[in-house]
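Asker: next come a sequence and a model predicted from it.
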Amino acid sequence: MPEKLPMDQLKERLEFVIGKERPYAFAARIGLGKSTLAGILNKGACPQTSTLIKIAMNTNISINWLLTGKGHPWLNHVSVVPSDDSITMAREPGEQYHVPPQSYVIVPRFSIQVSGETEDPFHCGQVVDHIAFKSDWIHSVMRLDPKKIALVSIVGDSMEPTLKEGDLVLLDQRDHSMRNDAIYVMRRDEDLVAKRLQRGFDGSVTIKNDNDAYEDIKITLEQAERLSIVGRVVWVGRRF
């Protein structure tokens, strides 16, 4: 099988740029025609210079990387952030890139915050930046699918002391199994909430708050099956 040429992977790189945003919503936001975007994603069309410039100006993506896959994708690169060995950098304007990109998984961080007061549903959330995790940690230690993970922030104190306001949580979007005593982010109407789920012997599920100031809610198995789970919390990062 012949090796893929850089242009053959343009669709994959553009999908990375779009992230979790709906493709046509992305096109509308940056002023790109739907047919133009569809031509690139569905027909493998080579974008015109004006299209490349429009994408670059609205996403901070390098045109060279988009076309060839060479170099770093972000014009403003990444900077080192304090953390454990699992995470080492985040994109910030004006900073320099100091580590090989191939050894990292770039995870989108959404502007949506997890609370009972969030106005935007998760699937419409705008990617505000990306944070890089070590690839070995994502694959070998956490056993996560890089395409099925996302970052959101915690608001409120209902899950203290486990999760505090401002904590950044990593979600495994594959896991909707409601495993016992795990913390999940769920969609409640237009809100996102982070809660601990505990299964009872009778099949019921208790939605728990780690903060004793908040009451727990017990629901039936039938009600539990209707929960709209976004993902399981598998990692948390915070500032001190």
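Answerer: It's in.

Asker: I'd guessed Val234 sits against Arg174; true?
Answerer: No: counting by C-beta atoms under 8 Å, Val234 stays clear of Arg174, with 10.3 Å between them. Where you see a C-beta, it was placed from the backbone N, CA and C, and this is true even at glycine.

Asker: looking at the two, which is more packed in?
Answerer: More neighbours surround Val234 than the other of Val234 and Arg174, with 16 against 13 (other C-beta atoms under 10 Å).

Asker: just confirm that one is within a strand.
Answerer: Yes: counting by DSSP: H, G, I helix; E, B strand; the rest coil, Val234 is found in a strand.

Asker: how close does it sit to Trp137?
Answerer: As judged by C-beta to C-beta, to the nearest Å, Val234 and Trp137 stand 11 Å apart.

Asker: one more: Thr206?
Answerer: Counting by C-beta to C-beta, the gap from Thr206 to Trp137 is 32 Å.

Asker: quick one: the helices in the protein, in order.
Answerer: 10-18, 23-30, 34-43, 49-59, 63-68, 135-136, 221-224 (DSSP state H).

Asker: with mean neighbour count, distance to Ala213 and mean pLDDT as added columns, please give these in CSV.
Answerer: Shown next, in CSV, are the helices of the chain (neighbours: other C-beta atoms under 10 Å; distance: least, C-beta to C-beta, whole Å; pLDDT from 0 to 100):
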stretch, mean neighbour count, distance to Ala213, mean pLDDT
helix 10-18, 16, 41, 86
helix 23-30, 16, 38, 87
helix 34-43, 14, 48, 88
helix 49-59, 15, 42, 78
helix 63-68, 17, 48, 80
helix 135-136, 14, 40, 85
helix 221-224, 13, 24, 86
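
Asker: roughly how far does Tyr214 sit from Val193?
Answerer: 11 Å.

Asker: now do the shared contacts for those two.
Answerer: Ser158 (C-beta atoms under 8 Å, 6 or more residues apart in numbering).

Asker: residue ranges of each domain in this structure, please.
Answerer: 6-68, 111-126+141-237 (automatic domain parsing).

Asker: including distance to Val105, could these go into CSV?
Answerer: Formatted as CSV, those follow (distance: least, C-beta to C-beta, whole Å):
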stretch, distance to Val105
domain 6-68, 11
domain 111-126+141-237, 5
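
Asker: so for the spatially most central residue of the chain, what pLDDT did the model give?
Answerer: In the chain, the C-alpha nearest the mean C-alpha coordinate belongs to Ala150, at 2.3 Å (C-alpha atoms, centre = their mean). Predicted confidence (pLDDT) at Ala150: the value is 87.

Asker: could you give the number of residues near the residue lying closest to it once chain neighbours are set aside?
Answerer: Nearest non-adjacent residue to Ala150, counting by C-beta to C-beta, 6 or more residues apart in numbering: Leu171, 5.2 Å away. Residues lying near Leu171 (other C-beta under 10 Å) number 27.

Asker: ok, now how distant is Leu171 from Tyr184?
Answerer: For Leu171, the distance to Tyr184 (C-beta to C-beta) stands at 9 Å.
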